[in-house]
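>>> pasting the sequence and the predicted coordinates here, then a few questions.
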Amino acid sequence: MAKFERETYTIDGVKTVVYSAGSGEPVVFFHGAGTVDGFDFAEPWTEKYRVIVPYHPGFGESGDDASFTEMHDYVMHYLELFDTLRLDRFNLVGLSLGGYLAAKFASEHAHRVKRLALIAPAGMIDAMHPMLDILAVPGEQVPGLLVSDFEVLKKRLPEKPDLDFMADRYREATTVARLFWERPGDPKFMRYLHRIKMPTLIVWGDEDKVIPVGQAQTWRKFIPNADVRIFKGAGHLVHLERREAVDEVARFLS
Amino acid sequence: MSGAMRFNSMHFMPYVYLPDHHKDYKSLWVSFPNKYYDPEKGHELYNRYLKELVLADQLGFDALVVNEHHNTVYSMMATPNLIAAALVPQTKNARICVWGTPPNFMLPNRLAEEYAILDVMSKGRLEIALPLGTGMEYWANPVNPATAREKFKESLKIMLQAWTEDGPTTHYGQFYTYRFLNPWPRPYQKPHPPCYVVGTGSPETIEIAAELGFGYASVFVTQQRAHELNENLRQRAAHYGHTLRPDQLPLLTFVYVAETQERAEQEYIGHLQRFFEDFARTSPQFLAPPGYLSTDQLKVRAAMADKLHGGFDFAAISKSFFIAVGTPDKVANQLGEWSRWMKTNHINCVTHVADMPHWKTVKNLTLFAEDVMPRLRTRAAPALRTAAE
């Protein structure tokens, strides 16, 4: 993260940490439900863009707000943050849970999103290709499900059981539970996806064990003009496993 | 009720027919397949366990305690009010303690109604405890562990309002809306049956009990922690203007009585070992669903769990928990000592554990009632003066 600058904002009472680097057109990245994967994968984007990476409330370095009980609370949070950052119109990239959030933000505030890239996005209710209910998976099994090649993730995990690491993951799982424990899916989310008219790219690894790659085509049914790029041999964290996926997003944004 | 020594007989009603390969399962809770439940064996067990509870009433135990767990061999009482209802007409004197249904898993008006029905049916013999529910129960019931504590507090408020205010009243809260809160019947006891909060002594549950002036039934905490918990609760209750009676702080004990120390240990320890190693066996994931604990509490408990790992050691576990095994004299002395130290006169005895057979349970109940209780009841006066100070 050497290239990134860290800023802290208070947004509606919630401590919000934002990393940014580079110059050019703004690109906002929404991370997924865990923050183990880090943000350094996004460094290549900083060569052409101003890359802005916030930690969502309840994740990573940002503060907690127990009143965030639905995705809409995050949309409102980001409206406030983007006003504070004077970001009017920008490119938006989201991964997994962040992809769900990015698509929701784009469907509600289409005029603010220039181009939208969704990397293995969550949020789709797809009976033919159901998402793994990761809340039901024992914590120690989760890392192995995120990637095809475990070596990619291994260096980001503690070598021995580590109470602080475990507590950080538990805190993020708590944030996810507040949103999804009782209702993992929101049918209304799909209902409004047709409002996404900006150029859209959908990226997936064909060995994704969390959200099956079959969902990529389901997304296209809701967003017909979206381009889909599938990367062979990659898992859910396709952005860590395939540099080409990161480059593909950069190409799409230009 | 705050005067004499009081003895409860508590039963978990476990399903004891574990398959031979059950050690292959990390947890006998939540996900342990229910294909291993045989209803014919379950039928025999219910009948047998009810007889053991009824016997405890006949032998002179002051109260019978049942409680609620889901998806597990540990307890067959997914709905303890049904068991309590079966006990009411079969028992005469003992108080019936449902300790209890987690209010989060029922509509609060309905739980208030069920308890009122039991209280009226039993002519005021009901006592209830209000647990948040173990982490495991939140995997079995469709209730969010991340908002469990807020919901629990709101449920309690509704139940107390239903019992103490003339209806119809209204409630507009975060989780529930009542336009006509007006349950029939109302409890026999006024203002309501004696209530305890159940827990492991987290600051949040202590505060709830202290504010309401309720008792507190601690479960699976070490001796030292139970002692601190009682002290904390007395202080916090005083802060809210409540003086807790000794009987509001029941002491959870595991008891087994036999003719000699050797025989008691020989007859009992294997069952206790299987209770801790098998019946209570579950995974860290099930113990702490997301949001059930604060991250600080999670770290404390994870560190504690590391210490508890390792084989079953009767001597060590007897020092950690309140486990009294031996001759009537030894058990009476032990309980007397603990009750003085804990400043309570209310002993909640687990009289059956794990796969203990019927004959041992009958023997334990009988020896305890005939040879332990009288020793402590006559000795109770000085202990209580200490407790009341």
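Here it is on my side, so go on.
>>> contacts only, for the closest residue in space to B:Phe220 that isn't next to it in sequence.
Once flanking residues are discounted, B:Phe220 sits nearest to B:Thr200: 6.3 Å by Cβ to Cβ, 6 or more residues apart in numbering or on different chains. Every C-beta, even on glycine, is put in place using the N, C-alpha and C of the backbone. Listed by Cβ atoms under 8 Å, 6 or more residues apart in numbering or on different chains, the contact partners of B:Thr200 are B:218-221.
>>> run the last query once more with 10 Å
By Cβ atoms under 10 Å, 6 or more residues apart in numbering or on different chains, the contact set of B:Thr200 is B:132, B:134, B:218-221, B:225-226, B:229, B:297, B:301.
>>> distance of it from chain A?
18 Å (Cβ to the nearest Cβ, to the nearest Å).
>>> read off the pLDDT value for that residue.
Model confidence at B:Thr200, given as pLDDT, is 84.
>>> and it, its phi and psi?
phi -110, psi 20 (degrees, to the nearest 10).
>>> what's the answer for the one 5 residues further on, then?
In terms of degrees, to the nearest 10, the main-chain angles of B:Thr205 are phi -70, psi -30.
>>> same question for B:Phe180.
phi -140, psi 90.
>>> distance of it from B:Ala162?
Here B:Phe180 is placed at a distance of 11 Å from B:Ala162 (Cβ to Cβ, to the nearest Å).
>>> so where is the chain shaky, pLDDT-wise?
In the absence of a named chain, this looks at chain A. Residue ranges of chain A with pLDDT under 70: A:1-2.
>>> can you look at chain B instead?
Using pLDDT under 70, the flagged stretches of chain B are B:1-3, B:306-311, B:379-389.
>>> in it, which spans are helices?
Counting by DSSP state H, chain B has helices at residues B:39-59, B:80-87, B:108-121, B:135-140, B:148-164, B:203-212, B:223-239, B:261-274, B:284-287, B:295-308, B:314-320, B:328-342, B:358-367, B:373-388.
>>> and chain A, by the same measure?
A:71-84, A:97-108, A:142-146, A:151-154, A:163-180, A:187-191, A:215-222, A:238-241, A:243-253.
>>> quick one: name the residues of chain A near chain B.
A:64, A:66, A:69, A:135-141, A:161, A:163-164, A:166-183 (Cβ under 10 Å from any Cβ of the partner chain).
>>> do that again at 7 Å, thanks
Selection of chain A residues close to chain B by Cβ under 7 Å from any Cβ of the partner chain yields A:135, A:138-139, A:163, A:166-167, A:170-171, A:173-174, A:176-178, A:181-182.
>>> now for residue 34, how many residues are close by?
No chain in the question, so chain A it is. A:Gly34 is flanked by 20 other residues according to other Cβ atoms under 10 Å in any protein chain shown.
>>> the chain in question should be chain B.
By the criterion of other Cβ under 10 Å, B:Asn34 has 10 neighbours.
>>> cool, and A:Thr46?
Count around A:Thr46 with other Cβ under 10 Å applied: 17.
>>> which residues touch it?
A:3, A:21-22 (Cβ atoms under 7 Å, 6 or more residues apart in numbering or on different chains).
>>> of those residues, select the buried ones using a ChimeraX command.
The following ChimeraX line selects those of the contacts of A:Thr46 that are buried, judged by 16 or more other Cβ atoms under 10 Å in any protein chain shown:
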select /A:21,22
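>>> if we can go back for a sec, B:Phe180 and B:Ala162: which has the busier surroundings?
B:Ala162 (25 against 10).
>>> need the contact list for the residue nearest to the more buried one when sequence neighbours are not counted.
Excluding its sequence neighbours, the residue lying closest to B:Ala162 (Cβ to Cβ, 6+ apart) is B:Ala112, at 4.2 Å. Residues counted as contacts of B:Ala112 (Cβ under 7 Å, 6+ apart) are B:159, B:162-163, B:183.
>>> mind picking the two most distant members of the residues you listed?
The largest distance within the contacts of B:Ala112, taken as Cβ to Cβ, falls between B:Met159 and B:Pro183 and amounts to 9.4 Å.
>>> out of those two, which sits in the busier spot?
Per other Cβ under 10 Å, whichever of B:Met159 and B:Pro183 has more neighbours is B:Met159, with 26 against 23.
>>> what does the stretch 151-300 of chain B put close to chain A?
Counting by Cβ under 7 Å from any Cβ, the stretch 151-300 of chain B sits next to chain A at B:283, B:285, B:290-291, B:295, B:298-299.
>>> neighbour-wise, which of those leads?
Within those, neighbour counts (other Cβ under 10 Å) peak at B:Pro290, which reaches 26 neighbours.
>>> so who does it touch?
A:135, A:170, A:173-174, A:176-177, B:145-146.
>>> save these as CSV, and put in neighbour count and distance to A:Lys232 too.
Output for the contacts of B:Pro290, formatted as CSV (neighbours: other Cβ atoms under 10 Å in any protein chain shown; distance: Cβ to Cβ, whole Å):
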residue, neighbour count, distance to A:Lys232
A:Leu135, 16, 29
A:Tyr170, 22, 34
A:Ala173, 22, 31
A:Thr174, 24, 35
A:Val176, 22, 29
A:Ala177, 21, 34
B:Pro145, 25, 39
B:Ala146, 23, 38
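>>> ok, of those, which one's closest to A:Pro199?
Among these, and counting by Cβ to Cβ, the member closest to A:Pro199 is A:Val176, at 29.7 Å.
>>> tell me which residue is most central in chain B.
Nearest residue to the geometric centre of chain B (Cα atoms, centre = their mean): B:Trp99, 5.0 Å.
>>> one step back: of the contacts of B:Ala112, closest to chain A?
B:Met159 (22.0 Å; Cβ to the nearest Cβ).
>>> that closest one against B:Glu114, yeah?
No. The pair B:Met159 / B:Glu114 is not scored as a contact, 10.6 Å apart, by Cβ atoms under 7 Å.
>>> got a list of what the closest residue to B:Ile208 other than its chain neighbours touches?
Of all residues not flanking B:Ile208 in the chain, B:Val197 sits nearest, at 5.6 Å (Cβ to Cβ, 6+ apart). Residues near B:Val197 by Cβ under 7 Å, 6+ apart: B:130, B:205, B:208-209, B:214, B:216.
>>> same check, this time on A:His31
Applying Cβ under 7 Å, 6+ apart, the residues contacting A:His31 are A:56, A:59, A:95, A:98.
>>> now do the contacts for the residue of chain B positioned farthest from its centre.
Taking Cα atoms, centre = their mean, the residue of chain B most remote from its mean C-alpha position is B:Arg179, at 33.5 Å. Listed by Cβ under 7 Å, 6+ apart, the contact set of B:Arg179 reads B:Thr170.
>>> and with 10 Å instead?
With Cβ under 10 Å, 6+ apart, B:Arg179 has these contacts: B:168-172.
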